[in-house]
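Student: Model the following, please.
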Amino acid sequence: MSCLSLFLIFFRSDGTLSAEKIYQNNLHTIVEVKSFTSDVIMYGSAVCIDDGGLFITNAHVVSYEEYTEVKLFENIQIRFSNSDEYIDASLDKIDYTNDLALIRVESCANIAKPVKMRVSEPCEGETVYAVGNAQNYGISISNGIISQRKLNVEIDDRSITAIQCSLNITEGNSGGALLDAFGNLIGITTFRLRDKLGNVVYGLCFALPVNLLKDFIAS
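Tutor: Numbers count the residues shown, from 1 in each chain. Got it, this is the predicted structure:
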């Protein structure tokens with residue numbers, strides 16, 4: 001394949017990127033997360049936000065509930081998609097109300113590539129991509145559209161303002177990136193809903209919007 005053909009595959013005339021290019025661009029940005037104690041283990045995702053090895057993820061990726069008490073995992077590790085080795089991370093801060101956490105991985109400051117956060121509000125009908133550690137099978141990508149850019153959702157007895165998307169996420173995607181067609185971060189993929197029988201509603205997922213992430217990071 002010629003260089004011109006590869007360019008046309010990766011970059012389109014309107015400036016948007018192909019799914020392949022978005023995936024490749026984020027292999028050093030979005031990482032697998034493993035949080036564990038001697039008895040409990042949780043897998044998720046995290047997104048690099050600065051050059052110092054700071055990553056954003058969900059609070060429920062780095063904490064767990066035991067006998068109605070929320071506890072922090074004793075160990076947090078990350079792994080890049082092209083590596084077999086996990087790297088130790090430390091908790092920087094956490095917000096249980098908005099389900100957000102920052103973890104720091106100082107040893108990967110020269111490896112991790114910070115994501116670019118979107119400035120403008122997303123719109124209904126936009127193509128979006130979820131990149132994360134789906135089912136703990138490693139970093140993968142899926143696509144859909146924004147169904148509603150701002151929706152108040154009742155979950156765990158609290159109201160969360162989230163972006164509703166028509167794409168599939170699974171366990172392990174929590175803390176992963178919701179990206180627009182330019183590769184900019186729109187939000188953090190966080191939860192799905194269940195029907196009255198307790199079954200997961202597929203093709204319907206929710207992400208915490210980037211403005212909420214910015215407020216948390218700056219606080």
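Student: C-alpha from now on. contacts and neighbour counts both.
Tutor: Noted.
Student: Just the CA coordinates for stretch 27-35, please, in CSV.
Tutor: Output of stretch 27-35 as CSV, limited to C-alpha atoms (Å, rounded to 0.1, in the frame of the first residue of the first chain):
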residue,chain,number,x,y,z
LEU,A,27,-1.9,2.9,22.9
HIS,A,28,0.3,5.0,25.3
THR,A,29,-2.6,7.0,26.6
ILE,A,30,-5.2,4.5,27.8
VAL,A,31,-4.1,1.7,30.0
GLU,A,32,-5.3,-1.3,31.8
VAL,A,33,-5.8,-1.0,35.6
LYS,A,34,-5.7,-3.8,38.1
SER,A,35,-6.7,-3.0,41.7
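Student: residue ranges with poor pLDDT in the protein?
Tutor: Along the chain, the parts satisfying pLDDT under 70 run over 1-13, 109.
Student: show me the contacts for the residue nearest to the spatial centre of it.
Tutor: Nearest to the mean C-alpha position of the chain, by Cα atoms, centre = their mean, lies residue 176 at 1.4 Å. By Cα atoms under 8 Å, 6 or more residues apart in numbering, residue 176 lies in contact with 30, 44-47, 57, 130-133, 188-190.
Student: Quick check: bridge partners of it?
Tutor: On the basis of DSSP bridges, residue 176 is bridged to residue 189.
Student: Give me the longest strand you can find in this protein.
Tutor: Taking DSSP state E as the criterion, the chain has its longest strand at strand 140-155.
Student: Can you tell me what sits against that strand?
Tutor: 19, 23, 122-134, 159-168.
Student: Next: stretch 63-78.
Tutor: By Cα under 8 Å, 6+ apart, stretch 63-78 touches 31-37, 62, 86-91.
Student: Pull up the distance across it, start to finish.
Tutor: Terminal residues of stretch 63-78 lie 15 Å apart, using Cα to Cα, to the nearest Å.
Student: Quick check: buried residues in that stretch?
Tutor: 63, 64, 72, 73, 75, 76, 77, 78 (16 or more other Cα atoms under 10 Å).
Student: And the furthest pair within those residues?
Tutor: Across these, the longest distance by Cα to Cα is 17.5 Å; it joins 64 and 78.
Student: wait, what's in contact with residue 208?
Tutor: 161, 162, 163, 187, 188, 189, 190 are the contacts of residue 208 under Cα under 8 Å, 6+ apart.
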